[in-house]
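Trainee: Show me the folded form of this:
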Amino acid sequence: MNYIFKQHVFGITQCWMYSIEWKKRGLPHAHILIWLVERIRPDQIDDIICAEIPDPDPDTDPDLDDVVIKNMIHGPCGPINRQSPYMVNCKCSKPYPRKMTAETIAGHDGYPLYRHRSPDDNGRTITTKVKGNDFMVDNSWVVPYSPLLSKTFKAHCNVEYCN
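Mentor: A predicted model of the protein is given here:
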């Protein structure tokens, strides 16, 4: 928590609160709300929060690529993996895969629709194993994350913006 606030990861913090939960398999996780002094402008969101598989170029950021592929790919669930714990009434409860969008846009409910570029729009794909079978994953399966927090903690850190 100190890192987020003292380093101004998202900007200067006005106040914050958190709740720690223990869910499946007894693993703890935190839900953190942060109120910023200044609002994040729509054109800044992609610099702070990303929902895409990073560029694999070793000169860019190989650590981020590894962390995202290992920790920030949802499921996959749905017809590919009907036994996923996220499946409710034959649909993903989260709901993945997300819609592909070429740029981040403001949502009507206060949450942005993060950029999830398709392979046709320079989006990246990777192959992963699901139940022993190869499965092609594109950006529609990526959970929003902060590149800085993901690289720092090398863990699943789901980050969302709400205005």
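Trainee: Go ahead and name everything in contact with the lengthiest helix in the chain.
Mentor: Secondary structure assigned by DSSP state H gives helix 62-71 as the longest helix of the chain. Here helix 62-71 makes contact (Cβ atoms under 8 Å, 6 or more residues apart in numbering) with 53-56, 126, 128, 142, 145, 147, 150-151, 154-156. From N, CA and C alone the C-beta is placed, and that goes for glycine too.
Trainee: ok, then the element right after that helix?
Mentor: Next in sequence after helix 62-71, counting helices and strands by DSSP states H and E, comes strand 87-88.
Trainee: which residues touch that following strand?
Mentor: Under Cβ under 8 Å, 6+ apart, the answer for strand 87-88 is 77-78, 81, 93.
Trainee: Given the following helix or strand past it, what are its sheet partners and their directions?
Mentor: Following strand 87-88 in sequence order, the next helix or strand is strand 91-92 (DSSP H and E). Its sheet considered, strand 91-92 pairs with strand 87-88 (antiparallel) by DSSP bridges.
Trainee: average pLDDT for the strand it pairs with?
Mentor: Mean pLDDT, computed over strand 87-88, is 87.
Trainee: quick one: that strand to chain centroid distance?
Mentor: Here the centre of strand 87-88 is set off from its chain's centre by 20 Å, with Cα atoms, centre = their mean, to the nearest Å.
Trainee: swap in stretch 42-60?
Mentor: Remark: stretch 42-60 is offset 11 Å from the chain centroid, using Cα atoms, centre = their mean.
Trainee: Return the alpha-carbon coordinates of it using CSV.
Mentor: What follows is stretch 42-60 as a C-alpha-only set of coordinates in CSV (Å, rounded to 0.1, in the frame of the first residue of the first chain):
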residue,chain,number,x,y,z
PRO,A,42,-9.1,9.6,-20.8
ASP,A,43,-6.0,10.0,-22.8
GLN,A,44,-3.9,9.0,-19.8
ILE,A,45,-5.6,5.7,-19.0
ASP,A,46,-3.6,3.6,-21.5
ASP,A,47,-0.4,4.8,-19.8
ILE,A,48,-1.6,3.6,-16.4
ILE,A,49,-3.8,0.7,-17.1
CYS,A,50,-3.5,-1.8,-19.9
ALA,A,51,-5.5,-4.8,-21.0
GLU,A,52,-3.3,-6.3,-23.7
ILE,A,53,-0.5,-8.8,-24.1
PRO,A,54,2.7,-6.7,-24.1
ASP,A,55,5.1,-6.5,-26.9
PRO,A,56,7.5,-9.5,-26.7
ASP,A,57,10.5,-7.5,-27.9
PRO,A,58,13.3,-8.1,-25.4
ASP,A,59,14.4,-4.4,-25.7
THR,A,60,10.9,-3.3,-24.7
